[in-house]
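# here's my sequence, what's the structure:
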Amino acid sequence: MTATAEPSALRTWLLKGLREPGSRPGGPHDEHPVEKPHSWWKVMCLTGVDYFSTLGYQPGIAALAAGVLSPVATLVLVLVTLLGALPVYRRVAADSPHGEGSIAMLVRLLSFWKGKLFVLVLLGFAATDFIITITLSAADATAHIDENPFWPQAWQGREVLVTLLLIAALGAVFLKGFTEAIGIAVALVAVYLGLNVVVIGDALWEVLTHPHAVTDWTTALTTSHGSPLAMVGIALLTFPKLALGLSGFETGVAVMPHIKGDLRQRIRGGKRLLTTAAVIMSVFLITSSVATTVLIPAEEFRPGGAANGRALAYLAHENLGNAFGSLYDVATIAILWFAGASAMAGLLNLVPRYLPKFGMAPGWARAVRPLVLVFTLTAFLITWIFDADVDAQGGAYATGVLVLITSAAVAVTLSAHRDRQRARTWAFGAISVVFTYTTVDNVIERPDGVKIAGCFILAILAVSLLSRIFRAFELRVTHIDADPAATRFLSDLGRHQVRLIANEPDQRDAREYSEKIAQIIADNDMADQSDILFVEVTVRDASDFETELHVRGELLHNRYRVLTVESSSVPSALAALLLWIRDETHRRPHIYFEWTEGNPVANFARYLIFGQGEVAPVTREMIRQAEPDRRRRPHVHVG
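As a prediction, the model looks like this:
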């Protein structure tokens with residue numbers, strides 16, 4: 001008994017929160033979550049652990065990319081943030097409040113397989129952004145650990161092991177529960193921002209009380225770049241290298257389902273979240289850039305320098321002592337480690353909303369804990385491949401961030417155009433051009449990011465295709481209802497025998513139905529044509545997987561009773577309809593098919609792509625898998 005009880009308990013624990021197909025996603029990504037929703041400012045802290053944690057490395061990146069021009073380049077980043085990214089994502093929050101982000105807005109413009117493929121490509125970039133957020137932030141936390149003077153010498157040089165332990169700890173938090181993640185995020189953001197106020201405030205005070213430092217900086221600025229116009233031009237060209245400072249917006253809308261309140265309150269809270277985070281971050285970016293550029297020697301920013309990737313930590317140790325500096329290191333390490341929490345939450349929100357619904361992921365992908373394990377193991381693999389190197393992952397991170405922001409800008413531009421808002425269309429169009437330029441420049445400079453994103457996209461496409469094939473015989477119907485006419489037909493037949501003829505509608509004239517009846521009677525040696533009911537399935541979008549059936553009854557030519565439904569798959573609709581009729585009438589219905597002409601392999605391919613083809617055997621197989629008791633299965637006849 002013990003041997004069989006453990007797997008059962010483990011399976012129950014893993015699949016806790018798993019919802020039936022057709023229901024809203026479960027767990028922390030639910031539209032009506034199982035976990036308790038939270039105030040918008042607490043949810044802001046969840047996305048803030050990603051967004052605010054970039055202070056750990058952003059000032060150093062800016063100084064390395066722009067040199068003494070770093071504050072001007074950072075000012076450009078802040079302007080793009082407040083005047084570009086923020087308005088775009090406030091519109092995304094209003095148009096897509098359930099956490100799907102700009103992907104859902106763009107999907108509405110496309111249908112059939114091209115829409116599904118487009119979603120998979122965008123999910124590939126989203127996976128690149130979110131997974132690399134987890135691995136890069138954990139690797140950067142490890143780098144801060146190695147630089148701390150109190151870290152044991154014996155543990156230095158073990159970056160991969162330490163990074164893997166940090167990622168495992170993050171996964172453990174999400175296996176425990178989402179409420180714990182919110183609580184940790186609030187504490188970390190409060191402590192980290194508080195310490196940054198101390199470090200930056202002290203640095204700015206030193207700048208103000210040592211005017212020669214400012215004079216040295218302005219002299220270097222004018223000597224290197226001459227006119228203010230030249231400074232602005234170079235800052236604009238340098239801006240794409242600072243794009244990691246925009247990393248928090250996509251996760252900001254991804255975590256919106258955790259904001260408590262009705263839909264209107266959630267949208268209002270989401271906008272507050274985005275605006276407050278952007279304003280706080282803008283203030284810190286400007287002040288930290290001025291402080292680090294003026295006070296830290298240029299050579300310290302270069303690879304191997306004491307301020308490389310940790311400019312504010314350098315100031316904390318230099319100006320406030322190693323004790324306070326170590327406290328600042330601990331806070332930085334903690335928030336960098338937990339920066340992956342918002343990315344994990346984003347993945348747990350996006351994947352169950354799309355892939356299982358498309359039939360492109362196993363059914364267990366609706367549950368939280370199996371997905372946490374999958375994402376954690378993927379992060380392990382990425383960390384091992386890149387040897388926990390922060391710089392090696394930077395290109396992929398920036399590519400994922402910029403592609404998603406660009407797609408969001410395009411989505412809101414199209415949304416404004418659809419709503420005939422001319423001024424907003426032009427404004428969002430201009431923002432789209434800026435982000436497109438930034439993305440292209442980043443790809444040209446660091447093409448490795450696109451290569452890594454391409455690997456994610458190919459992996460998602462391969463898994464999706466295999467899953468769709470393996471789930472080919474699943475019933476895809478989540479709900480069935482019938483209109484009064486259809487209910488009356490079934491009630492009349494339920495007193496005798498329910499016999500259905502599967503008919504592919506053509507002209508729908510009297511001759512079509514009479515010839516079909518004659519053929520079925522001849523093929524199946526039936527005695528008469530009484531109690532016959534036609535059923536016709538129209539395929540609207542074969543790329544969909546899960547559908548609802550709305551059964552309508554029609555009396556054609558005052559003689560022929562016809563049930564009509566719309567579905568993404570003919571066999572799935574027929575199999576689900578037969579099982580539903582059995583349960584409604586308490587009789588095992590009979591259905592009659594013709595054999596499909598042509599090559600069976602080609603017909604099966606037609607079924608996979610177009611939802612029709614080898615209808616009879618696929619319908620029978622779906623019934624067999626859905627009903628294990630042979631005595632309760634509807635009868636399938638093929639002639």
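# could I get the CA-only coordinates of stretch 116-127 as CSV?
Backbone C-alpha positions of stretch 116-127 (Å, rounded to 0.1, in the frame of the first residue of the first chain) are rendered in CSV as follows:
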residue,chain,number,x,y,z
LYS,A,116,-1.3,30.4,-33.9
LEU,A,117,2.2,30.5,-35.4
PHE,A,118,2.4,34.2,-34.7
VAL,A,119,1.5,33.6,-31.0
LEU,A,120,4.1,30.8,-30.8
VAL,A,121,6.8,33.1,-32.2
LEU,A,122,5.9,35.9,-29.7
LEU,A,123,5.8,33.3,-26.9
GLY,A,124,9.3,32.3,-28.0
PHE,A,125,10.5,35.9,-27.5
ALA,A,126,8.6,36.1,-24.2
ALA,A,127,10.2,32.9,-23.0
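# what does it contact?
In this structure, residues lying in contact with stretch 116-127 by Cβ atoms under 8 Å, 6 or more residues apart in numbering are 101, 103, 106-107, 110, 250, 346-347, 350-351, 354-355, 358, 360, 399-400, 403-404, 407, 453-454, 456-461, 464, 543. Glycine gets a C-beta too; all of them are placed from N, C-alpha and C.
# buried subset of those, written for ChimeraX?
Isolation of the buried members of these (16 or more other Cβ atoms under 10 Å) is achieved in ChimeraX through the command below:
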select :101,103,106,107,250,346,347,350,351,354,355,358,360,399,400,403,404,407,453,456,457,460,461,464,543
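# how near is the nearest residue to Asp506 once chain neighbours are set aside to Phe52?
In space, Asp506 comes closest to Glu512 once its chain neighbours are excluded; the distance is 5.7 Å by Cβ to Cβ, 6 or more residues apart in numbering. Distance of Glu512 to Phe52, computed by Cβ to Cβ, to the nearest Å: 67 Å.
# of these two, which one has the most company?
Between Glu512 and Phe52, counted using other Cβ atoms under 10 Å, the more crowded position is Phe52 (23 against 18).
# I'd say the more buried one and Val191 touch.
No. Here Phe52 does not reach Val191: they are 11.1 Å apart, not a contact under Cβ atoms under 8 Å.
# returning to that earlier point: check what pLDDT the residue nearest to Asp506 gets.
Among the per-residue scores, Glu512 holds a pLDDT of 81.
# likewise Phe150?
Among the per-residue scores, Phe150 holds a pLDDT of 73.
# so it, which of the three states?
Counting by DSSP: H, G, I helix; E, B strand; the rest coil, the backbone at Phe150 sits in coil.
# grab the nearest non-local neighbour of it.
Ser326 (5.8 Å).
# what strand or helix carries the nearest residue to Met256 once chain neighbours are set aside?
The shortest distance from Met256 to any residue other than its chain neighbours is 4.5 Å, reached at Gly270 (Cβ to Cβ, 6+ apart). Counting by DSSP states H and E, the element that carries Gly270 is helix 263-295.
# what is the mean pLDDT for that helix?
For helix 263-295, the mean pLDDT works out to 91.
# now do stretch 532-550
For stretch 532-550, the per-residue pLDDT averages 83.
# do the same with stretch 130-147
Stretch 130-147 shows a mean pLDDT of 84 in the predicted model.
# flag every buried residue along that stretch.
Residues of stretch 130-147 classed as buried: 130-145, 147 (neighbour count, 16+ other Cβ under 10 Å).
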